[in-house]
Each structure stands twice: as structure tokens, then as C-alpha cells.
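[1] Pasting a predicted model and its sequence here:
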Amino acid sequence: MTITSNRSSDGRELTIGVEGRFDFSSHQSFREACSQGDPERTRFIIDLSRTDYVDSSALGMLLLLRQRTGGGRDRIRLRGFGPEVRRIFEISHFDQLFDMEPAP
């Protein structure tokens, strides 16, 4: 599991990449990456294109980030995930809570 973060040149977006398993062991790294953005101004892009597994603790981390940013669907985009992760998001109804952009 690797968590990376990259701020856009204008500072308005923070892309957080998750590689490998997105589970409880990612908690501290994910939290640190999220803290680099201002919850009132930053748009968070969670890049899951290199993620092969998501568990319930990862879903909880995403919900906490959503709550921290005010609960709006437009503040967080889940991007690049494959069919297995997409199924988990659909079962959890995350497709109704987040702006989602699956892998092509």
C-alpha cells in the first residue's frame, strides 16, 4: 500500500493516489495526505487507478473526508477505479454520495 499526494498548480485540487490495498493499514497515511488540503477550499481527487482492493475501513475514511469537507458531492471525486472496486462502491451506494469517474 502506498499513498501519494499532489497539489495542482493553482492549489485548488489535491490528488491523493492509493496504490495496492486501501484498507485499515492505510489510515494514517491517507489522513496525513488529506490534511494537506483545506477542507473548505480544496477539491479532493482520490485516484484509485492503482487500487486493487477496498475494505469497509477505507469506505469509512472516505466518508470522514466527505464529512470534513461539508458533505457535498462536488468536493470529492473518486477516479480511475476498476470493476471490482466499482461494485463495492455501488453496493455501498457511494455512487450516490460521491462524484465518481471509473476507469474507461
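    Sure thing, it's come through.
[2] other SSEs contacting the longest helix seen in the chain?
    Ranked by residue count and defined by DSSP state H, the top helix of the chain is helix 56-68. In terms of contacts (3 or more Cβ pairs under 8 Å, 6 or more residues apart in numbering; DSSP states H and E), helix 56-68 is packed against helix 27-34, strand 76-79. To be clear about C-beta, it is placed using only N, CA and C from the backbone, and glycine gets the same treatment.
[3] Could you pull out the strands in this protein for me?
    Taking DSSP state E as the criterion, the chain contains strands spanning 2-7, 13-22, 43-54, 76-79, 99-101.
[4] Now do the buried residues in the shortest one.
    By that I understand strand 99-101. residue 100 (16 or more other Cβ atoms under 10 Å).
[5] What is the distance between that strand and the centre of its chain?
    Its chain's C-alpha centre and that of strand 99-101 lie 10 Å apart, by Cα atoms, centre = their mean, to the nearest Å.
[6] who's in contact with that strand?
    73, 74, 76, 77, 78, 79, 80, 81, 89, 94 (Cβ atoms under 8 Å, 6 or more residues apart in numbering).
[7] quick one: contacts for the residue positioned nearest the centre of the chain?
    Most central in the chain under Cα atoms, centre = their mean is residue 46, positioned 3.4 Å from the mean C-alpha point. Applying Cβ under 8 Å, 6+ apart to residue 46 gives the contacts 15, 16, 18, 62, 76, 77, 78, 79.
[8] try 7 Å this time
    16, 18, 76, 77, 78, 79 (Cβ atoms under 7 Å, 6 or more residues apart in numbering).
[9] For those, which single residue is the most surrounded?
    Neighbour tally across the contacts of residue 46 (other Cβ atoms under 10 Å): the maximum, 29 neighbours, falls on residue 18.
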